[in-house]
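Build the 3D model from these lines:
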Amino acid sequence: MSIETIFLDAGGVLAFPNWERVTAILAAHGVEVEPRALGAADPVAKLQIDAGSYVGASTDGERWHRYFELVFAAAGIRPDSRVDAAIDAIRAYHNIHNLWETVPDEVRPALVRLRKLGLCLAVVSNANGTVADAFERVGLSEYVDMIIDSHYEGIEKPDPRLFQIALERAGAQADMTVHLGDLFHVDVLGARAAGIRAVLLDPAGLYHEYDCQRVGSLTEFVDRLEAATFGPIA
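Got it, this is the predicted structure:
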């Protein structure tokens, strides 16, 4: 497999929601929950969101509320006015700072290894215009070559045009690029529509029935790239 460029989703691949911050906001609204419970609920909620009939069929605000309602439900929190107010407060923080500000320990070493392979690394993210600032704040900017934030392009994955913009700016060829994302209908199908090979990051092992190659961690992704054990990635 000849690969020159790696596209990486931002949220859910390189950075994750700050569940400690979320629990603090919930607590301020009278709702108690442990951060680890929210972290465990996150993959379950994302799988529910990741449905072909839902992706792209609602506004950003509706998707935001739906995602957090599902996370909270999976963590045992029942919806009420306090929860709705907390979701609004969480979004207010996100709109300024970006809630996806927790970087797992494996991320930086994995990015360094990808760099050592001589690969161009581009972040391709459905986002709100804050990814570049957030990456600077959490210390990830130096590890990637460019950031494509859908907010500034007016196009969101799975629209293949976002991937085509990324290819153009990276000076990359689709057949020599692999995209790693965490949502099948957004990342995998979007990349495929642009002629790019795709791998799904599935740490909870929930996507076993989906037609795609999966890895359980960013480290595994790099391991398999180094060992060239992916085979054709479709």
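
all strands for the chain, in order.
For the chain, the strands defined by DSSP state E occupy 5-8, 16-17, 100-102, 120-125, 146-149, 177-181, 197-201, 213-215.

now the ones you listed in a markdown table, with mean neighbour count?
For glycine as for every other residue, the C-beta is placed from the backbone atoms N, C-alpha and C. Putting the strands of the chain into a markdown table (neighbours: other CB atoms under 10 Å) gives the following:
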| stretch | mean neighbour count |
| --- | --- |
| strand 5-8 | 26 |
| strand 16-17 | 20 |
| strand 100-102 | 19 |
| strand 120-125 | 24 |
| strand 146-149 | 20 |
| strand 177-181 | 25 |
| strand 197-201 | 22 |
| strand 213-215 | 19 |
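
Residue 7 touches residue 165, doesn't it?
No. Between residue 7 and residue 165 there is no contact under CB atoms under 8 Å: 11.1 Å.

Save the strands of the chain as a markdown table, and put in mean pLDDT and distance to residue 157 too.
Output for those, formatted as a markdown table (pLDDT from 0 to 100; distance: least, CB to CB, whole Å):
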| stretch | mean pLDDT | distance to residue 157 |
| --- | --- | --- |
| strand 5-8 | 98 | 10 |
| strand 16-17 | 98 | 18 |
| strand 100-102 | 98 | 15 |
| strand 120-125 | 98 | 7 |
| strand 146-149 | 98 | 10 |
| strand 177-181 | 98 | 8 |
| strand 197-201 | 97 | 11 |
| strand 213-215 | 97 | 18 |
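
I'd like the ones you listed laid out as CSV, including distance to residue 49.
Output for the strands of the chain, formatted as CSV (distance: least, CB to CB, whole Å):
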stretch, distance to residue 49
strand 5-8, 20
strand 16-17, 13
strand 100-102, 15
strand 120-125, 16
strand 146-149, 20
strand 177-181, 13
strand 197-201, 14
strand 213-215, 18
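
Tell me which helix or strand in the chain has the weakest average pLDDT.
helix 60-74 (a mean of 91; mean pLDDT, DSSP states H and E).

Return the set of buried residues in that one.
Buried residues in helix 60-74, counted by 16 or more other CB atoms under 10 Å: 63-74.

residues in contact with it?
33, 38, 40-42, 44-46, 48-49, 54, 58, 79, 83-84, 87, 90-91, 128 (CB atoms under 8 Å, 6 or more residues apart in numbering).

I'd like to know which elements the top helix by length along the chain is packed against.
In the chain, ranked by residue count with DSSP state H as the criterion, the top helix is helix 81-97. In terms of contacts (3 or more CB pairs under 8 Å, 6 or more residues apart in numbering; DSSP states H and E), helix 81-97 is packed against helix 19-28, helix 60-74.

Tabulate the ones you listed in CSV, adding columns for distance to residue 159.
Below are the helices and strands packed on helix 81-97 laid out as CSV (distance: least, CB to CB, whole Å):
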stretch, distance to residue 159
helix 19-28, 29
helix 60-74, 14
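
still on that earlier bit, return the angle between stretch directions for the longest helix of the chain and helix 19-28.
140 degrees (axes from the mean of the first three to the mean of the last three CA atoms, to 10 degrees).

where's helix 81-97 relative to the chain centroid, distance-wise?
In this view, helix 81-97 has its centroid 20 Å away from the chain centroid, taken as CA atoms, centre = their mean, to the nearest Å.
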